[in-house]
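*Asks:* sequence and predicted structure, then a few things I'm wondering about:
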Amino acid sequence: MASEEIVADDVFTRLALSDCSVYMFDVAEMIKPESLWILPDGWLPLSEVEIVLPEMIEMLAMKNTIFVSNSVIDSFSPIAVASGFQIEGDLDVNKLFADVGDRLPADAVKQNVETCILDQNLEYVCARIVSRFTALSNGMATDFKSMTVFDMYLIDNATHVLLQRTVITPHNSDVALPVFNNASPQEQKGQ
């Protein structure tokens, strides 16, 4: 039996294959949710919306900050998700983001992916991935557009913090989408 080679074309597969330890943290505890995006009217925190979520999204909601639009396009409400990770170990940030792809749903047909580094210095890297793909939404083939911004902060020589913010919407949507903002840390208690 031939061994299958793992294709490491997305950030999280690359991190899993590295020698680093990765810990997920609750974004809302560390970063002001209102600083993640500028939200248009009609976008609400997931906790304020009465919808039944697939099990996978329910699990994501435990540590992620999620906002949803009150508009429904092709049986799908546009969604904005923020996730935070602490990474311990020696990490080559240039290799992490070089020609990186997007992690798409299992049934997705990849159509187009654009990746670029928006900003980079010794202590910070900002990368963006824009994907257009087709996947099933409530049993219907739907064209989607996903934009992800990764903010990677070097805390010390072996500790990084990675903030991932993603907005997903049907491709034919004219719904106003969140604008990515400069995320600000929460004020620590007692300060």
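*Replies:* Sure, I can see it. For clarity, every value in this text was computed on a predicted model and none was experimentally measured. Numbering: from 1, shown residues only.
*Asks:* now do the strands in the chain.
*Replies:* Assigned by DSSP state E, the chain shows strands spanning 21-25, 37-38, 43-45, 65-69, 79-88, 109-120, 124-137, 140-156, 159-170, 179-180.
*Asks:* which one of those strands is the most hemmed in?
*Replies:* strand 65-69 (a mean of 22; mean count of other CB atoms under 10 Å). The way it works is simple: take the backbone N, C-alpha and C, and place the C-beta from them, glycine included.
*Asks:* chain center to it: distance?
*Replies:* Chain-centre distance of strand 65-69: 12 Å, with CA atoms, centre = their mean, to the nearest Å.
*Asks:* who are the packing partners of it?
*Replies:* In terms of contacts (3 or more CB pairs under 8 Å, 6 or more residues apart in numbering; DSSP states H and E), strand 65-69 is packed against strand 43-45, strand 79-88.
*Asks:* contacts for it, please.
*Replies:* 27-28, 31, 33, 36-37, 39, 42-46, 49, 51, 57, 60, 77-82, 169, 175, 178 (CB atoms under 8 Å, 6 or more residues apart in numbering).
*Asks:* now with 7 Å?
*Replies:* With contacts defined as CB atoms under 7 Å, 6 or more residues apart in numbering, strand 65-69 is touched by 27-28, 33, 36, 39, 42-46, 49, 77-82, 175, 178.
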